[in-house]
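K.L.:
structure, please.
(chains A and B)
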Number of protein chains: 2
Amino acid sequence: MVEKKSIDRSEYRKQKGLVMVYTGTGKGKTTAALGMLMRAWGQDMKLAMIQFIKHEKSRYGEVRAADKMGVEWHVMGDGWTWTSKDMEQTIQRGVEGWEKAKELILSCNYDIIVLDEFTYPLHFGWLEVSDVVTWLKANKPEMLHLVITGRDAPAELVAYADLVTEMREIKHPFSEQKILAQPGVDF
Amino acid sequence: MVEKKSIDRSEYRKQKGLVMVYTGTGKGKTTAALGMLMRAWGQDMKLAMIQFIKHEKSRYGEVRAADKMGVEWHVMGDGWTWTSKDMEQTIQRGVEGWEKAKELILSCNYDIIVLDEFTYPLHFGWLEVSDVVTWLKANKPEMLHLVITGRDAPAELVAYADLVTEMREIKHPFSEQKILAQPGVDF
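P.N.:
All right, here's what the predicted structure looks like:
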């Protein structure tokens, strides 16, 4: 839908690789990143996904879909949760995920790269936010779109991003109706 | 990611068809609905989409993707914007879209149906909200997931829904940097 008033588009830049952040506590962050991949796949764009938290052995619906679509997909997490015991391994996997992200970003082989749940390694200090943002400013190719999801996006990342949406939870069936995660909806 | 405290899951219902609403002014509403379709497609679920506003002749990335995926897709809108002149036709298309939605819902042929930008016909009164909610309460199959997107979700719809996320615009490249819609990102 377009804006109410008419727009002088002559002063608008046509194209730019965007840094997009989906954050907040509501449902829809990773889901929106998946939607971007689906839409861009329909436009025959070159896509890659790195999942920072989900376990490498997980076979979520999105991983199965990516297989069928031929989208490059890296599940780099160790299934970290609040009750995880081996934090050293979790942090190590976060660092490895970021190394993989840098490799993909520098390759110039992609139109869109998604760093799913990448805010957690930043928020919890497994990676230095300022190091990451400084690196991206210096190295992200001009036309590459980067999508970053997860709660608690650090202020420095928000300041750097071109687009930030906060998913606000208004109602959630988990907390209100005690309904568990379901296939197709949550995984 | 799981909650901080441990949960007694014995009292939780396993499954229920959910009514999910993605609303608010931020980017990510339709995009999250597309992500749900991609995830559910990976789970081999039966899917249908009705787009209420987008023009039937539009060839957005998501329509191209749906073609490739074999997802049933109906573009029922006439490309309505704030500057549209033929409101009679726009309203007529909204009514026809809702008739199609009812047909698909009653067929019991789907696991997930998305009604994209369905809040606009409701918000602008092209359809009566209370009629729509009353019909859904009486007729939506128990296990069917229904996803509804668009700004200004009416209160009666929010009250009926199981899950509501408000996409809040924190930063947007259109308003802040005067960057136009781009393929893969916006369509």
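K.L.:
near chain B at all, the helix or strand bottoming out on mean pLDDT in chain A?
P.N.:
Scoring the helices and strands of chain A by mean pLDDT, DSSP states H and E places helix A:173-177 at the bottom, with a mean of 78. Yes - using C-beta under 8 Å from any C-beta of the partner chain, helix A:173-177 reaches chain B at A:173, A:176-177. C-beta coordinates here come from the backbone N, C-alpha and C atoms, glycine included.
K.L.:
export stretch A:37-47 as CSV, just CAs?
P.N.:
What follows is stretch A:37-47, C-alpha atoms only, in CSV (Å, rounded to 0.1, in the frame of the first residue of the first chain):
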residue,chain,number,x,y,z
LEU,A,37,14.0,-15.6,1.6
MET,A,38,10.8,-17.0,-0.1
ARG,A,39,10.1,-13.7,-1.8
ALA,A,40,13.7,-13.3,-3.0
TRP,A,41,13.8,-16.9,-4.1
GLY,A,42,10.8,-16.1,-6.3
GLN,A,43,13.0,-13.3,-7.8
ASP,A,44,15.8,-15.8,-8.5
MET,A,45,18.2,-14.0,-6.0
LYS,A,46,21.2,-15.7,-4.4
LEU,A,47,20.5,-16.5,-0.8
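K.L.:
what comes up buried for that stretch?
P.N.:
The neighbour-count check on stretch A:37-47 (16 or more other C-beta atoms under 10 Å in any protein chain shown) flags A:37-43, A:45, A:47 as buried.
K.L.:
how far off centre is it?
P.N.:
Counting by C-alpha atoms, centre = their mean, to the nearest Å, stretch A:37-47 is centred 15 Å from the centre of its parent chain.
K.L.:
stretch A:68-76 now?
P.N.:
Stretch A:68-76 sits 14 Å away from the centroid of its parent chain (C-alpha atoms, centre = their mean).
K.L.:
where along chain A do the strands fall?
P.N.:
Per DSSP state E, chain A carries strands over the ranges A:19-23, A:47-55, A:72-77, A:112-116, A:145-149, A:163-171.
K.L.:
tell me which of those strands lies nearest to chain B.
P.N.:
Closest of these to chain B is strand A:163-171, at 3.8 Å (criterion: C-beta to the nearest C-beta).
K.L.:
pull out the buried residues from the least confident helix or strand of chain A.
P.N.:
Within helix A:173-177, the residues that count as buried by 16+ other C-beta under 10 Å are A:173-174.
K.L.:
can you tell me what sits against it?
P.N.:
Contacts to helix A:173-177, defined as C-beta atoms under 8 Å, 6 or more residues apart in numbering or on different chains, come from residues A:179-181, B:13, B:16, B:18, B:162-163.
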